[in-house]
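Colleague: Here is a sequence with its predicted model. Questions after.
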Amino acid sequence: MSTAAPAAQEPRSSGAGRVTFARVLRSEMIKTATVPSTVILLAVSFAVMVGLGALVAWGTVQLVNDPAAGPPGGLGASAQSLAYDIPASGLPFGQLLIAALAVVLIGSEYTTGMIRSTMVAVPTRTPALLAKTLVTAVISFILGVLAAFATYLAAQPILSGSDLDFGLDADGVLPSIINTGTVLALIAVMGVAIGALLRSTAGGVVTLVGALFVLPIITGLLSGLADWVVDAERFLPSSASAALVATRVQPEAFNQAEGGLILAGWAVVLLAAAVVVIKKRDV
Amino acid sequence: MIEAHELTKRFGDKTAVDGLTFTVPPGKVTGFLGPNGAGKSTTMRMIVGLDHPTGGTVIVNGKPYAGHRSPLHEVGALLEAKAVHPKRTAYNHLRALAATEGIPPARVNEVIELTGLGSAARKKVGGYSLGMGQRLGIAVALLGDPHTLILDEPVNGLDPEGVKWVRFLARGLAAEGRTVFISSHLMSEMAVTADHLIVIGRGRILADAPIGEVLAGSQQERVLVRTDDAGALAAALGSPGVEVRRQEADQLEILGLSTRSIAEAAFSRGLLITELTPQQVSLEDAYMELTGGEVEYRSQHMSAPAGSAPDEEGRQP
């Protein structure tokens, strides 16, 4: 510098404050609410989950009414416990759609360049990722609980004709409804983490759908080859989420709490990896 | 105030920014000039922490950018137009970014008016023209009422009225005592906007001086001479530090001598001079001279130096 800089008399204005996690959270809520894809995917997820649940209820009634369709000797008492699983029965497809939503919410930031605006505003980066994860997880949890409860309500008139209707206080039903939300919340965490790791909407959706749907098919095909495949299969996200929403523990399967811990483990490991990578990487 | 020290960025085996040391002081407009691919954008991305330097440091207002508690209040950056989700409206984009620091909605409306976005702010950004996208980018930069502004090619895609507006805005912000750092590949634009120039080429600093000095110091005096006996005059003028170029049979271009010395030399030898014209050094000439060897992308007919395969700088969109 050849010339001395004039005494820095920089203007300080009021109004602008510090970046806090609550503020970043609010920013992420605004971002989530102001793109149409969020609303569309949530509405579709709700409709698909409730619709699928009603279909399962109808199928259960058909099974009970048609002795030829069920196992020899009829379903008997197990028909009722089968019905208890109906509120959470939309979950397989709900998982798929919420996984897509979560990946899209972060993946679109990378594909549109929005991520650069985000990371200039929140240069420490981690709060922005965690806030987005939290917002997506909470939305998914609420959607899951509402969809499972709506499925429960929609199923009762269908089931009542065969005396299979039940109250919310029936064995394991209320936890199953609430855990439908838990599963979707944890899947959403995995989705955001994978989206951040891969920086791509398409790649993230394919990866997560692969993990949720294709892996169980592969382990199913290979299960005859070795015992460890069967053991490993129980640790897959899809098996863990099935265990978490089950109204009764299946033989050879983990119980609800174990299923929840395994799924949470997947979510935490992926999120931790995303936090580490996002901090180091150029955007 | 922006202070870079030995700032370096390599992408693989390609060095985009090569040991830049410079200071951008408050209270004036500093132009950051260089051909495409010279490393301007990469340098600016490192200032706001989007790219991590391979070596060296850069601090803004005394701290690394990420160390500030109110980053948008410290630095307003326009790094590329449309770092925005296309399905979101400009208003919601600004609102979401403002929320990170609790900037009130009144300020969002203020920057919308200030940048002339007006009613378009309620429309989705995907439908914006390049110029409107730039205005939104500038609105984002101004959102936090920052001490330091970093604008990467802000006049790209703007109409003449918009170009003028950016010029006045930059000068006004600097006059308020803010640090204003503007990149451009257009010398002409910098000539009317900037007080000080940092010129880079291939990631290295070529000049760092007040704009007048870049003009004056970048090139020796150049004089066009027309004479009946060009050969004799050329011989008479030949001396160390002087360059004589024969342009036409009766025309010479002389570098390194004043018009008076040339006239005296001709007079003493009895040579008739029919024209003696000092050449105006344009900013464009000065720029070309500075960046002559440093241009990475060259038009075909200018024959690139061997071995310099043109490849992308970083991830320029």
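Modeller: It's in. Numbers count the residues shown, from 1 in each chain, chains lettered A, B, ... in the order given.

Colleague: At the geometric centre of chain A, which residue do we find?
Modeller: Nearest to the mean C-alpha position of chain A, counting by C-alpha atoms, centre = their mean, stands A:L184 at 2.5 Å.

Colleague: Chain B too?
Modeller: B:L33 (2.3 Å).

Colleague: Quick check: phi and psi on that residue?
Modeller: Phi and psi for B:L33, reported as degrees, to the nearest 10, are phi -120, psi 140.

Colleague: on that earlier part again, which secondary structure element contains the residue nearest to the centre of chain A?
Modeller: helix A:173-198 (DSSP states H and E).

Colleague: Same check on B:V17?
Modeller: strand B:14-24.

Colleague: if we can go back for a sec, do I have it right that the residue nearest to the centre of chain A meets A:S140?
Modeller: Yes. The pair A:L184 / A:S140 is scored as a contact, 4.0 Å apart, by C-beta atoms under 8 Å. In this view, the C-beta of every residue, glycine as well, is placed from N, C-alpha and C.

Colleague: shared neighbours of these two, which are they?
Modeller: Listed as contacting both A:L184 and A:S140 by C-beta atoms under 8 Å, 6 or more residues apart in numbering or on different chains are A:I98.

Colleague: model confidence over the strand holding B:V17, on average?
Modeller: Summarised as a single mean, pLDDT over strand B:14-24 is 95.

Colleague: In terms of secondary structure, what does that strand contact?
Modeller: With contacts taken as 3 or more C-beta pairs under 8 Å, 6 or more residues apart in numbering or on different chains; DSSP states H and E, strand B:14-24 sits against strand B:2-11, helix B:40-47, strand B:55-60, strand B:196-201, strand B:204-210.

Colleague: quick one on the thing from earlier: need the contact list for the residue nearest to the centre of chain B.
Modeller: By C-beta under 8 Å, 6+ apart, the residues touching B:L33 are B:40, B:183-185, B:187, B:190, B:197-200, B:287.

Colleague: Going through those, which ones are buried?
Modeller: B:40, B:183-185, B:187, B:190, B:197-200, B:287 (16 or more other C-beta atoms under 10 Å in any protein chain shown).

Colleague: Could you find the lowest-pLDDT member of these?
Modeller: Least confident of the buried ones among the contacts of B:L33 in the model: B:Y287, at 71.

Colleague: Quick check: closest non-adjacent residue to it.
Modeller: Counting by C-beta to C-beta, 6 or more residues apart in numbering or on different chains, B:M187 is the residue found nearest to B:Y287 once chain neighbours are left out, at 4.0 Å.

Colleague: From B:L290, how far off is that neighbour?
Modeller: 9 Å (C-beta to C-beta, to the nearest Å).

Colleague: ok, now A:V183?
Modeller: 62 Å.

Colleague: Neighbour count for the two, which is higher?
Modeller: In this view A:V183 and B:L290 are compared by other C-beta atoms under 10 Å in any protein chain shown, and A:V183 has more residues nearby, 29 against 21.

Colleague: what about the helix or strand containing A:G259, average pLDDT?
Modeller: Using DSSP H and E, A:G259 sits within helix A:256-280. Mean pLDDT, helix A:256-280: 96.

Colleague: ok, and for that helix, which residues are buried?
Modeller: Quick answer for helix A:256-280 (16+ other C-beta under 10 Å): A:256, A:259-260, A:262-264, A:266-267, A:270-271, A:274-275, A:278.

Colleague: what do you get for stretch B:17-35?
Modeller: For stretch B:17-35, a neighbour-count test (16+ other C-beta under 10 Å) marks B:17-18, B:20, B:22-35 as buried.

Colleague: One more: stretch B:244-255?
Modeller: Buried-residue list, stretch B:244-255, by 16+ other C-beta under 10 Å: B:244, B:252-254.

Colleague: before we move on, back to that, contact partners of the strand holding B:V17?
Modeller: Under the contact criterion C-beta under 8 Å, 6+ apart, strand B:14-24 has outside partners A:1, A:5, B:1-10, B:30, B:39, B:42-43, B:46, B:53, B:55-56, B:148, B:179, B:181, B:198, B:200, B:202-205, B:208, B:311, B:313-314.

Colleague: That one pairs with which strands?
Modeller: strand B:2-11 (antiparallel) (DSSP bridges).

Colleague: sec struct for the closest residue to B:V140 other than its chain neighbours, please.
Modeller: Leaving aside its chain neighbours, B:V140 sits nearest to B:L97 (6.2 Å; criterion: C-beta to C-beta, 6+ apart). At B:L97 the chain is in helix, as set by DSSP: H, G, I helix; E, B strand; the rest coil.

Colleague: so what's A:G220 closest to, chain neighbours aside?
Modeller: A:E233 (7.5 Å).

Colleague: Contact partners for that neighbour?
Modeller: So A:E233 contacts A:216, A:219-220, A:223, A:239 (C-beta under 8 Å, 6+ apart).

Colleague: and residue 153, how many neighbours?
Modeller: In the absence of a named chain, this looks at chain A. Residues lying near A:L153 (other C-beta under 10 Å) number 14.

Colleague: that answer is for a different chain, and I need it for chain B
Modeller: Neighbour number of B:E153 under other C-beta under 10 Å is 23.

Colleague: Could I get the pLDDT score of it?
Modeller: Listed pLDDT for B:E153 reads 92.

Colleague: so who does it touch?
Modeller: B:183-185.

Colleague: so of those, which ones are in strands?
Modeller: Counting by DSSP state E, the part of these found in strands is B:183-184.

Colleague: give me the subset of the contacts of B:E153 touching chain A.
Modeller: Residues of those in contact with chain A (C-beta under 8 Å from any C-beta of the partner chain): none.

Colleague: ok, of the contacts of B:E153, which one's closest to B:R171?
Modeller: Closest to B:R171 out of the contacts of B:E153 is B:S184 (14.6 Å), distances taken as C-beta to C-beta.

Colleague: Distance check, that closest one against B:R202.
Modeller: According to C-beta to C-beta, B:S184 and B:R202 sit 17 Å apart.

Colleague: Which strand or helix spans A:A155?
Modeller: Using DSSP H and E, A:A155 falls in helix A:126-160.

Colleague: Find the nearest non-adjacent residue to A:V48, please.
Modeller: A:F93 (5.0 Å).

Colleague: That neighbour touches A:M49, doesn't it?
Modeller: Yes. At 6.6 Å, A:F93 and A:M49 qualify as touching, with contact defined as C-beta under 8 Å.

Colleague: Settle it for me: which of these two has more neighbours?
Modeller: Comparing A:F93 with A:M49 by other C-beta under 10 Å, the one with more neighbours is A:M49, at 30 against 16.

Colleague: Got phi/psi on that one?
Modeller: The phi/psi pair for A:M49 (degrees, to the nearest 10) reads phi -60, psi -50.

Colleague: That one reaches A:L91, doesn't it?
Modeller: Yes. A:M49 lies in contact with A:L91 (C-beta under 8 Å); the separation is 7.1 Å.

Colleague: Residues in contact with both of the two, list them for me.
Modeller: A:A148.

Colleague: and which of the contacts of B:E153 is nearest to B:G116?
Modeller: Set against B:G116, the nearest of those by C-beta to C-beta is B:S184 (20.8 Å).

Colleague: check contacts around that closest one.
Modeller: Contacts of B:S184 by C-beta under 8 Å, 6+ apart are B:31-33, B:153, B:155, B:190.

Colleague: Closest one of those residues to A:V206?
Modeller: Closest to A:V206, out of all of the contacts of B:S184 and judged by C-beta to C-beta, is B:E153, at 35.7 Å.

Colleague: Against B:H68, how distant is the closest one?
Modeller: 24 Å.

Colleague: now A:F213
Modeller: Counting by C-beta to C-beta - A:F213 and B:H68 are separated by 45 Å.

Colleague: neighbour-wise, which of these two wins?
Modeller: Comparing A:F213 with B:H68 by other C-beta under 10 Å, the one with more neighbours is B:H68, at 20 against 14.

Colleague: Do a quick rundown of the strands in chain B.
Modeller: B:2-11, B:14-24, B:29-33, B:55-60, B:75-78, B:148-152, B:179-184, B:196-201, B:204-210, B:222-227, B:243-248, B:251-255, B:273-278.
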